[in-house]
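Student: A predicted structure for the sequence below; I have some questions about it.
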Amino acid sequence: MAEYNKPVPGVTPDSKEYWEGCRRHELLIQRCTECGHHRFYPGPICQAFDCLSMDFEWVRSSGKGTVYTLTVVVRAPNEMWADLAPYALVLIELDEGPVMFSRAVDIPAFDVKIGMRMEVVFEDLTDEVTLPFFRPIAAPEA
Amino acid sequence: MIETLSREAAIIGIGSTEMRNPDGRSGMSLYMEAIKNAMEEAELTKSDIDGFLVYPPNGSMRFHTELTEQLGSANFGKSLCDFPLVGGLMVGLAVNKARSAVFHDQCKNVIVVGGGTWRSSSHRTPIGLSGVDLSESIYHSREPISMEYEFPYGLHLPALAAMVTQRHMQEFGTTSEQLAAIAVAARKHAALNERALLRTPISVDDVLSSRMIAEPLHLLDCSYIADGASAFIVTSAERARDAVQEPVWILGSGQAQSFQHMGHLCRGSDSEFDLVRTVGKIAAGQAFTQAGLGPEDVDVAELNDSFTTTVLLQLEDYGFCAKGEAGDFVADGRLELGGALPLNTHGGLLSEGDNGLGNSIPALIEAVTQLRGDAGERQVEGAEVAMVSGVSESLSSYSVALLGRN
């Protein structure tokens, strides 16, 4: 695998399952087994307004969602990212509810719009790390 | 009950360095110059200061103690020595702590000092930003960015603010021209401020034709990184009566913070808050309630402007205009001297310079200067009430202070 020159996330006891899911190209989110509320990013307690349950299950997200907002980064944070710019950073409102930060792929950065339907796609960055990205949903959805 | 703290403490001394540091002086040296200037202006000696609230220039958790060591034996014993290190809460946290300390006789005089050496130092290198063209703007910190779930995608602070901006534009039809008016006003004021780093007047077109950083934010929508330090001294109402300088009274202050991860910022506790409806509303509400004032009473506003968007959101959430209407509000020179709400009369972070942690202190110093009537060419005539704010670059933490003239 080619040398990946950008930062990769660290793994914590709370996020281990999530990152392992990514390596299998599955987008895992947590679902409270008491109230059914979904949450992302991984954490130990339910985030619903009035639920203190620490019981949860990992469920596979549909991987589909809608662009809540975005920016096209023209000026990269530093030279590490310069080869990618311009790139579109997106907040994706997953169909299950949580909002995820990601980057749009398979579309010219300036073509991404708020409200666009997107689906997850995985990229293996290193032998250990796979990140979820989002691409436009091509076909009309049923 | 909280009203009891209104006018119970006052600012009796201010001091600053220049916003530039060509000789590469240490942060400690800049801080000492600011402290010395504030103490000399207030005609206080070292032993009069028994409270220190210090924003460390490099994030060190020991700097505040080292700073008092550097001052020497007069400050061996003090009743307050802390680093109120919460992005955006600078004004609120420091003003609240200082006011409380002098009101409850924990301290006689509290000095608040902050600043940094972001432009000159290698502070950026450890956070992965080496090699950045230093003539450009705000890539200095990734503190508010999640290392696991955001940074690996290539997020920086202007991009974060840009995503908020895009959402505001989508919901309310706000335009880049409207945002640019905020930068134009700041620059116009900076031209009247010798301390400001960027003093050449600019037009809306200049902002729009400056380099795109993260759509829709241009270079001139972002603050201008500087070196420097600034300080102010707070004392009790009783001591303020004997102050050499005309006291400027703390009428009210408030603070509020939400979350950090951008996905969570979209999800307020109810329909009241989200990415573009911020908890700044809570912070300003507390300050106004304490002071018994409302937005219409503010004569001059020195609001945090890490980005033009930062001002836009505050104008709405602090109640100067309705939600979604700030774009129209900032047009027609309303924020300029002579307008209905002169804003950032020193040029703000956009044009005077952004000196890092504690970067709300220059705004507070400008408010004090205005209320003393010492602002010279940029004086807002008859200014009685000033608002000062601190806001995190991630637009999630807010603090507001209302100051009044003697």
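Tutor: Cool, got the structure.
Student: what residues are up against the residue lying closest to A:Cys51 once chain neighbours are set aside?
Tutor: What sits nearest to A:Cys51 in space, not counting adjacent residues and going by Cβ to Cβ, 6 or more residues apart in numbering or on different chains, is A:Cys35, at 4.6 Å. In short, each C-beta sits where N, CA and C put it, glycine included. A:Cys35 makes contact with A:Cys46, A:Ala48, A:Cys51, A:Ser53 under the criterion Cβ atoms under 8 Å, 6 or more residues apart in numbering or on different chains.
Student: Just the buried ones among these, please.
Tutor: Neighbour-count burial (16 or more other Cβ atoms under 10 Å in any protein chain shown) applied to the contacts of A:Cys35 gives A:Cys46, A:Ala48.
Student: pLDDT below threshold where in chain A?
Tutor: For chain A, the stretches with pLDDT under 70 are A:1-2, A:142.
Student: mind checking which helix or strand B:Lys323 is in?
Tutor: Assigning secondary structure by DSSP states H and E places B:Lys323 outside every helix and strand.
Student: just checking, it touches B:Glu316?
Tutor: Yes - using Cβ atoms under 8 Å, B:Lys323 is in contact with B:Glu316, at 5.0 Å.
Student: Mind checking which of those two has more residues around it?
Tutor: Using other Cβ atoms under 10 Å in any protein chain shown, the more surrounded residue of B:Lys323 and B:Glu316 is B:Glu316, with 23 against 15.
Student: measure that one to chain A for me?
Tutor: Look at B:Glu316 and chain A: by Cβ to the nearest Cβ, to the nearest Å, they are 17 Å apart.
Student: who are the neighbours in contact with that residue?
Tutor: Contacts of B:Glu316 were listed using Cβ under 8 Å, 6+ apart, and they are B:Ala322, B:Lys323, B:Gly324, B:Glu325, B:Ala326.
Student: In contact with the first one, which residues?
Tutor: Going back to what we said before, that points to B:Ala322. Per Cβ under 8 Å, 6+ apart, neighbours of B:Ala322: B:Glu316.
Student: ok, it to chain A distance?
Tutor: 21 Å.
Student: cool, and the second one?
Tutor: When distances are taken as Cβ to the nearest Cβ, B:Lys323 and chain A turn out to be 17 Å apart.
Student: where do the strands sit along the chain?
Tutor: Since no chain was named, I'll use chain A. For chain A, strands defined by DSSP state E occupy the ranges A:28-32, A:38-39, A:56-60, A:64-73, A:87-94, A:99-103, A:117-124, A:130-136.
Student: try chain B instead
Tutor: B:9-16, B:51-54, B:80-82, B:109-117, B:212-214, B:217-218, B:227-236, B:248-257, B:300-302, B:385-391, B:397-404.
Student: Give me the sheet partners of the shortest one and which way each runs.
Tutor: Translated: strand B:217-218. strand B:212-214 (antiparallel) (DSSP bridges).
Student: picking up where we left off before, among the contacts of A:Cys35, which one lies nearest to B:Leu293?
Tutor: When the contacts of A:Cys35 are compared for distance to B:Leu293 (Cβ to Cβ), A:Ala48 wins out at 37.7 Å.
Student: From chain B, how far out is the closest one?
Tutor: Computed as Cβ to the nearest Cβ, the A:Ala48 to chain B distance reads 11 Å.
Student: Nearest residue to that residue in space, ignoring adjacent ones along the chain?
Tutor: The spatially closest residue to A:Ala48, leaving aside those adjacent along the chain, is A:His37, at 3.7 Å (Cβ to Cβ, 6+ apart).
Student: And for the one you found, the neighbour number?
Tutor: Applying other Cβ under 10 Å, I find that A:His37 has 18 neighbouring residues.
Student: you'd agree it is up against A:Cys51?
Tutor: Yes - using Cβ under 8 Å, A:His37 makes contact with A:Cys51 at a distance of 6.3 Å.
Student: And the contacts of the biggest helix by length in chain A?
Tutor: In chain A, taking DSSP state H as the definition, the longest helix is helix A:16-23. With contacts defined as Cβ under 8 Å, 6+ apart, helix A:16-23 is touched by A:9, A:11, A:27-29, A:41-42, A:58, A:60, A:122, A:124, A:128-132.
Student: That helix: how far from the chain's middle?
Tutor: 12 Å (Cα atoms, centre = their mean, to the nearest Å).
Student: List the buried residues of it.
Tutor: Quick answer for helix A:16-23 (16+ other Cβ under 10 Å): A:Tyr18, A:Trp19, A:Gly21, A:Cys22.
Student: Could I get the strands of chain B in a markdown table, plus columns for distance to B:Ala340, mean pLDDT and mean neighbour count?
Tutor: Putting the strands of chain B into a markdown table (distance: least, Cβ to Cβ, whole Å; pLDDT from 0 to 100; neighbours: other Cβ atoms under 10 Å in any protein chain shown) gives the following:
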| stretch | distance to B:Ala340 | mean pLDDT | mean neighbour count |
| --- | --- | --- | --- |
| strand B:9-16 | 26 | 98 | 26 |
| strand B:51-54 | 34 | 96 | 25 |
| strand B:80-82 | 38 | 93 | 16 |
| strand B:109-117 | 30 | 93 | 28 |
| strand B:212-214 | 30 | 93 | 26 |
| strand B:217-218 | 26 | 94 | 28 |
| strand B:227-236 | 27 | 96 | 29 |
| strand B:248-257 | 20 | 94 | 25 |
| strand B:300-302 | 11 | 98 | 26 |
| strand B:385-391 | 14 | 96 | 28 |
| strand B:397-404 | 18 | 95 | 29 |
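Student: Now those strands in CSV, please, with extra columns for distance to B:Thr345.
Tutor: Putting those into CSV (distance: least, Cβ to Cβ, whole Å) gives the following:
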stretch, distance to B:Thr345
strand B:9-16, 15
strand B:51-54, 25
strand B:80-82, 30
strand B:109-117, 20
strand B:212-214, 26
strand B:217-218, 23
strand B:227-236, 16
strand B:248-257, 15
strand B:300-302, 6
strand B:385-391, 9
strand B:397-404, 13
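Student: Output the set of residues of chain A in proximity to chain B.
Tutor: By Cβ under 8 Å from any Cβ of the partner chain, the residues of chain A that approach chain B are A:6-10, A:12, A:15, A:40-41, A:49, A:68-81, A:84, A:87, A:89, A:91, A:93, A:98-103, A:110, A:114, A:131.
Student: Is B:Ile233 in contact with B:Ala9, as I believe?
Tutor: No - if you go by Cβ under 8 Å, B:Ile233 and B:Ala9 don't touch, sitting 10.7 Å apart.
Student: Any buried residues in stretch A:87-95, and which?
Tutor: Within stretch A:87-95, the residues scored as buried using 16+ other Cβ under 10 Å are A:Tyr87, A:Ala88, A:Leu89, A:Val90, A:Leu91, A:Ile92, A:Glu93, A:Leu94.
Student: right, I mislabeled it, should have said stretch A:92-111
Tutor: Those would be A:92-94, A:96-104, A:109, for stretch A:92-111 by 16+ other Cβ under 10 Å.
Student: Now the terminal residues of that stretch, how far apart.
Tutor: Start-to-end span of stretch A:92-111 (Cα to Cα, to the nearest Å) is 16 Å.
Student: and if you look at stretch A:94-104?
Tutor: 14 Å.
Student: Repeat that for stretch B:237-249.
Tutor: Across stretch B:237-249, the terminal residues are separated by 8 Å (Cα to Cα).
Student: buried ones in it?
Tutor: Judged by neighbour count using 16+ other Cβ under 10 Å, the buried positions of stretch B:237-249 are B:Arg239, B:Ala240, B:Ala243, B:Gln245, B:Pro247, B:Val248, B:Trp249.
Student: same question, stretch B:154-168
Tutor: For stretch B:154-168, by 16+ other Cβ under 10 Å, it's B:154-168.
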